[in-house]
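no sequence for this one, just the structure:
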């Protein structure tokens, strides 16, 4: 009877984990698409600015400011999807060898790696969030007053959204690896 209860809680945990995984995957795809759209818009602005500057001697005001503010936002909006696809820079030679000799221990090591990533990005979010609130409440802007002015908070908000979602992706991957390692124990015992 106890095995049946354990099995049903395992199935429920698995179903809820899949639901969270689908939500986080959808959000990371959305932020990645927004980041990609921002790249296209930035490229269009740059090309149009160069064209207007050299053909009509009339550059578009604020392009440099918008593009420079967008770059960091784009990076952080793309970050969750990059983490989800395991495209972050790392040295996996040791992990590959460990995977072959001790696959369960390798899963635990990767889970700890993902927890460390979540912690580091969470510290970043914690330090940036007050700056975003202040940029919004105090109406910080980029540009030159009288020529071109744009609010700064949307760019910083994009950084917080991307970083916050990256924390969730890291945590989800850590939980998945812990569960896989636990499942390996059950498979090895039978």
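Perfect, thanks for sending it. Nothing here was measured: the structure is a model prediction, and the numbers come from that model.

Show me what the worst-scoring helix or strand of the chain on mean pLDDT packs onto, helices and strands only.
Within the chain, no helix or strand scores below helix 93-101, which has a mean of 79 by mean pLDDT, DSSP states H and E. In this structure, helix 93-101 packs against helix 103-137, with contacts taken as 3 or more CB pairs under 8 Å, 6 or more residues apart in numbering; DSSP states H and E. Quick note: C-beta positions are derived from backbone N, CA and C, even for glycine.

hey, where'd the strands end up in this structure?
Per DSSP state E, the chain carries strands over the ranges 141-144, 148-151.

Could you dump those strands into JSON lines and include mean pLDDT and distance to residue 80?
Shown next, in JSON lines, are these (pLDDT from 0 to 100; distance: least, CB to CB, whole Å):
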{"stretch": "strand 141-144", "mean pLDDT": "90", "distance to residue 80": "25"}
{"stretch": "strand 148-151", "mean pLDDT": "92", "distance to residue 80": "24"}
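
now stretch 139-151, how far from the centre of its chain.
Here stretch 139-151 is found 28 Å from its chain centre; the criterion is CA atoms, centre = their mean, to the nearest Å.

Same check on stretch 77-94?
The answer for stretch 77-94 is 10 Å, by CA atoms, centre = their mean.

Can you pull up the most central residue in this structure?
Closest to where the C-alpha atoms of the chain average out (CA atoms, centre = their mean) is residue 80, at 2.3 Å.

For residue 34, see how far away that residue is.
11 Å (CB to CB, to the nearest Å).

how about low-confidence regions in the protein?
Low-confidence segments of the chain (pLDDT under 70): 1-13, 185-190.

what ranges do the helices span in it?
2-55, 63-84, 93-101, 103-137, 153-189 (DSSP state H).

With respect to residue 147, which of these lies nearest?
Evaluated over those, closeness to residue 147 peaks at helix 63-84, with 10.0 Å, by CB to CB.

what does the closest one contact?
24-25, 27-29, 31-32, 34-36, 38-39, 41-42, 45-46, 48-49, 88, 117, 142-143, 148, 150, 152, 155-156, 158-159, 161-163, 165-166, 168-170, 173 (CB atoms under 8 Å, 6 or more residues apart in numbering).

Could you identify which of the helices of the chain is most buried?
helix 63-84 (a mean of 20; mean count of other CB atoms under 10 Å).

centre of the chain versus that helix, how much separation?
Put simply, helix 63-84 sits 10 Å off its chain's centre (CA atoms, centre = their mean).

Can you lay out the strands of the chain as CSV showing mean neighbour count and distance to residue 108?
Shown next, in CSV, are the strands of the chain (neighbours: other CB atoms under 10 Å; distance: least, CB to CB, whole Å):
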stretch, mean neighbour count, distance to residue 108
strand 141-144, 15, 45
strand 148-151, 15, 45
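
Dump the ones you listed to CSV, plus distance to residue 95.
Converted to CSV, the strands of the chain look like this (distance: least, CB to CB, whole Å):
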stretch, distance to residue 95
strand 141-144, 42
strand 148-151, 43
